[in-house]
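Undergrad: Fold the following and give me the result.
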Amino acid sequence: MSPLGRRRAGAMSPLALCLSFLLFISSASAAVLGIDFGTEHIKAVLVKPGIPFDIVLTKDSKRKEVAAVAFKPIRDSKGNFITDAGSYPERAYGGDALSLQGRFPGEVFPNLKFLLGIPSGSEGDATRSIYKHRYPGLQMQESTELGTTVIKSSAFPEDARAFSVEELVAMELANIKRNAQNMAGMGSSVDDVVITIPPFYTADERQAIMKAAGFAGFQVNGLISDGLAVGLDYAKPRTFPEVTKGENPEYHMVFDMGAGSTTATVMRFQSRSVKDTGRFNKTVQEVAVVGAGWDRTLGGDALNHVIVDDYVKKLLTKPALKSRGTTEDDIKKNGRIMARFWKEAERARQILSANTEVSSGFEEIMPDIDFRCKMSRAEYEKLTESFADRVQIPLKDALKMADLKVEDLNSVILHGGAVRTPFVQTKLQGVVVDSGKLRSNVNADESAVFGAAFKAAALSPSFKVKEIRDSDVAGYAATLVYDDHGKERRKPLFEANSPVGAGSTTKQVTFKDQEDFSFGFVQSVGGVDRPVMKVQSNNLTASVEELIRIAGCGKESIDTKFSVRLGLPLGLPDISGGSVSCEIDPSKKTGSIGDSVKGWLGFGKGDQQPIGGDEADGPIEQVDAKESASSDSAISPSMDSASSSKAPEPPKKQTEVIPLKWTSLPDGNPQPAPDAIMQMLQRLKDFDLSDKARYARDEAQNILESYTYTVRDFLENQVYEKVSTKSQRDVISSTLQSTKEWMESGDLSKATTETLKEKREALKKLVEPVQLRLKESTGRSETVEGLQKSLDQLQKGILRLESAASKAAASLASAATASTKTSSTTEAKASSDADDLEELDTETPPTPSETPAAIDPYEGMDLTVVNETYNSISKWLKETVAEQEKLKPYEDPVFLSRDAQRKSEEIAKALQDLVQKTTKAKAAKAKKPKTTKSKTAKPSKATADPAADAEEPVPAEAAAEDPAAAELLRTNEAANSEAAEVPEQKPVKGGESIEDMLKWMKKDGKEEPDREHEEL
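TA: Sure, this is the predicted structure:
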């Protein structure tokens, strides 16, 4: 065993091995999911053993789901919404949800991504105002308690808590999870997920999508920007220049214009030779984001908005509206009108991307008013001139962050549905100049989701994929904020282009605080600092006292350090470690705890350095919280050791280190209390249970309706008349009629699942006996005939075995009698020979070898159970057939086919028992007793008893009484004679004659090859 405090790093305890094995077993059948959560659509790709990267289809077999959820309220007989406590409306997703906008504009919630994580207060009011303008039917407001936007539903009581955006998004994600689970099949769990996000997402927005995914039951392994996801999908089948050989990397930009926003992401693609296991190297691909730019509001929805405004203006020109005094505000606040306008605007924009003109028509857009209009592409492009000028801005911002020029790009990869708009590509060509660099070499709709699925598989231990090291950028600068004796201090830590992921920098921030304190981080978003996280140290005061008391450290030499990096999955500043340490002179140390014990307890060893990092994790940068940024320096363990080796070696000092404990909490938007979160989760659970109960009721209703048609056809079928009476059919008909009348009344909508099942069972109890009688009457004769054949086979088997047993017993008795006579004759002759030769030889003559006793192969065989089975089934069949023949066709049968089937199974089991008994008997009979060699004289032929080989004749009486038994006996005799045939034995040495030997050699040479062939 290694000494205490110096255990091998690679050693694993038995408990760790067991836990690793259990983890492997639990993850063996696990599946991972990649989700592209867009403004307008949600796409998902499943990865599981046996299903490599397959798109998750919706219940309508579509490759993408509309990002919408709706509540379909329950109405009473008067058309009013039922809002009783504990009742839940029906939920609809995707296209089914959008189809309800015309009827329930206040219960359909589309494009919720627009509202996720928006800041509270006036800063987020502008975003809420835009959303409210697009969907005026929604009752939307801000919740300061939950720190999010909430939407009120009319399908619930007035005092019911409104739904947060995170809850509604969780419903959409849970629907995707159910589709993926159905695709994965039983035995597979779909819990781990990687979700795409825009590069401009702030800390609050990232926390919001994580919270929504958690509500849906997902374990989020990572968030990946849209551009990086497309880059991973682009890199999967490709290899790139190897920079370790001096080759130049490739730079590609992903220009993504979707429904809600536009982003441009510049990435560096290269390969690198790195150290592999042992002394080998391997080549890995690297995809690193080096710049990003965006426009939060430029997208398909903004272009649709222009068309909707044009519809409103053209509608107001109709004389009928002028006479009514209808204003623009009246139309824009009408949820039904705006829902129809938005749906048609999406269709018109897509048509104008390919055609030069589009026509739109709306019947009954308002009472007694139909509306039709046309729009040309030239008119559309004139209305969107201001948006066209914004297309180039994200591209230029991304190049500026990456410190590159357009000429440095190898290509611009187009992604997103809105890139098909003609003026968008025209503007891009004006910036790129070389139109050949604008490429559509990825799936513009699905590339991001496949990249997210690839990332999910790479993060999962259950899959092995191509090794691609990826890194993103922070997007926003991050600053450390802490209190220094009542004054707020700020220390910039990360820039907007700081890497996140592989190769990210770890900042070791040094504080002079020696008592528990707190600090935080802020993001610079649009020139405004938004809080990200708060950190509170927990054991700093106690650790400093420990260093002073045990190690003898002076307060002035104690340093407090926290390691900060942009960690996964959020890509936000995160604490990866903390310690308090000091350097002491070992010769003056008076501590009472040895280094090894301290190391074992976690206090650090004598030669331990303060928080270090693995070289593969990226560079480590030392930062002093109180000094300016110019004094910061990036170091690595190798650089530090090299510099120290050049200087004269001072007296070697020892570093005492104690790890720190800390608590970190998200800052920014107010977070809901634990009780509020539990209420959200419980309501989502109750909603799911309500949906399951509704699905079960709908299924029961459909089955009942289908069964009524089956019963109707049953009554019209004349085949059933012979197996039923008129009174029986009248009862079925009246029951069917009453069931139909009940279903056509208003009681059906109020009926429970149990009531629907009871109605169906009442019909089944009347119909199924008649159907059973018809089925049994048509197949009864066949069933009885089959059972009788099985009985005959069993009887033949019993007779064969009994005959073989009796013959074996008779043969054994004859052999015993012959053996007794032979031994007495041999003894007499041997005595006479001894008297004649007594004068010449006084030795006793040898006696012949004793013949072993014969074995009865059927001894102990018991056929009692088999006979009882045969007798009982024969009796049952005879009695039941007789009783059945007395019944009328419309009476219930005495026995069913399944009863005869069970009897046949008993016979089959008995036959199997007979086969086993016969096999054992033949095996015992085939064994020949070994003969012992003797030098005695060959016995005289007179000693042989011909009766020993004789076979007992078949009893003629049995054959006469039963011809089948005679045939069975004849077959059994042939089998027994074959088994009893004994091959001719080679003559015994010393007693053979020349004729015997020649005969044997001739026979042996002739038949041996055939025997060997049979064995092969």
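Undergrad: check which helix or strand covers residue 491.
TA: Counting by DSSP states H and E, the element that carries residue 491 is strand 487-494.
Undergrad: repeat for residue 888
TA: Take DSSP H and E as the rule and residue 888 turns out to sit in neither a helix nor a strand.
Undergrad: Next, it: phi, psi?
TA: Residue 888 has phi and psi values of phi -80, psi 160 when expressed as degrees, to the nearest 10.
Undergrad: what's the burial count for it?
TA: Residue 888 sits with 8 neighbouring residues when counted by other C-beta atoms under 10 Å. Heads up, the C-betas are built off the backbone N, CA and C, glycines and all.
Undergrad: try residue 901
TA: By the other C-beta under 10 Å criterion, the neighbourhood of residue 901 contains 12 residues.
Undergrad: ok, it - contacts?
TA: Listed by C-beta atoms under 8 Å, 6 or more residues apart in numbering, the contact partners of residue 901 are residue 783.
Undergrad: Now with 10 Å, please.
TA: Counting by C-beta atoms under 10 Å, 6 or more residues apart in numbering, residue 901 touches 783, 786-787.
Undergrad: likewise residue 67?
TA: By C-beta under 10 Å, 6+ apart, the contact set of residue 67 is 37-43, 93-94, 97-98, 109-114, 169, 172, 259-260.
Undergrad: phi, psi of it?
TA: Reported as degrees, to the nearest 10, the phi and psi values for residue 67 are phi -80, psi 80.
Undergrad: any residues touching the strand holding residue 491, and which ones?
TA: Contacts of strand 487-494 (C-beta under 10 Å, 6+ apart): 473-474, 476-483, 500, 504-505, 507, 509, 519, 521-524, 529, 564-566, 572-573, 621, 623-629, 632.
Undergrad: again with stretch 698-714
TA: Counting by C-beta under 10 Å, 6+ apart, residues outside stretch 698-714 touching it are 90, 720, 724, 729, 732-733, 735-737, 739-740, 743, 748-749, 751-761, 763-764, 766-767, 770-771.
Undergrad: Mind checking which of those residues are in strands?
TA: residue 90 (DSSP state E).
Undergrad: May I see the ChimeraX selection of the buried members of the contacts of stretch 698-714?
TA: For the buried members of the contacts of stretch 698-714, the matching ChimeraX selection, counting by 16 or more other C-beta atoms under 10 Å, is:
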select :90,720,724,729,732,735,736,739,743,751,753,755,756,757,759,760,763,766,767,770
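Undergrad: For the chain, give me the ranges with low pLDDT.
TA: Applying pLDDT under 70 to the chain flags residues 1-29, 77-79, 586-618, 626-652, 819-860, 920-1016.
Undergrad: Give me the domain ranges for it.
TA: As given by automatic domain parsing, the domain ranges for the chain are 25-217, 300-388, 476-666, 695-815+855-924+948-982, 987-1016.
Undergrad: Just name the most buried of those.
TA: For these, the largest average neighbour count (mean count of other C-beta atoms under 10 Å) is found in domain 25-217, namely a mean of 19.
Undergrad: And that one, how far out from the chain middle?
TA: 21 Å (C-alpha atoms, centre = their mean, to the nearest Å).
Undergrad: For the stretch 201-350 of the chain, which segments count as strands?
TA: 219-225, 250-257, 262-275, 281-295 (DSSP state E, counting those that start in this stretch).
Undergrad: And those strands: which comes nearest residue 654?
TA: In this view, the strands of the stretch 201-350 of the chain are compared for proximity to residue 654 by C-beta to C-beta, and strand 262-275 is the closest at 31.5 Å.
Undergrad: Tabulate the CA atom coordinates of the closest one in CSV.
TA: Once non-C-alpha atoms are left out, strand 262-275 reads as follows in CSV (Å, rounded to 0.1, in the frame of the first residue of the first chain):
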residue,chain,number,x,y,z
THR,A,262,-29.7,37.3,-37.2
THR,A,263,-26.2,36.2,-36.1
ALA,A,264,-22.8,35.9,-37.7
THR,A,265,-20.2,33.6,-36.3
VAL,A,266,-16.5,33.5,-37.4
MET,A,267,-14.8,30.2,-36.6
ARG,A,268,-11.3,28.9,-37.0
PHE,A,269,-11.0,25.3,-38.4
GLN,A,270,-7.7,23.5,-38.0
SER,A,271,-6.2,20.2,-36.9
ARG,A,272,-3.4,19.6,-34.4
SER,A,273,-1.1,16.7,-33.3
VAL,A,274,-1.5,16.2,-29.6
LYS,A,275,-0.2,13.6,-27.2
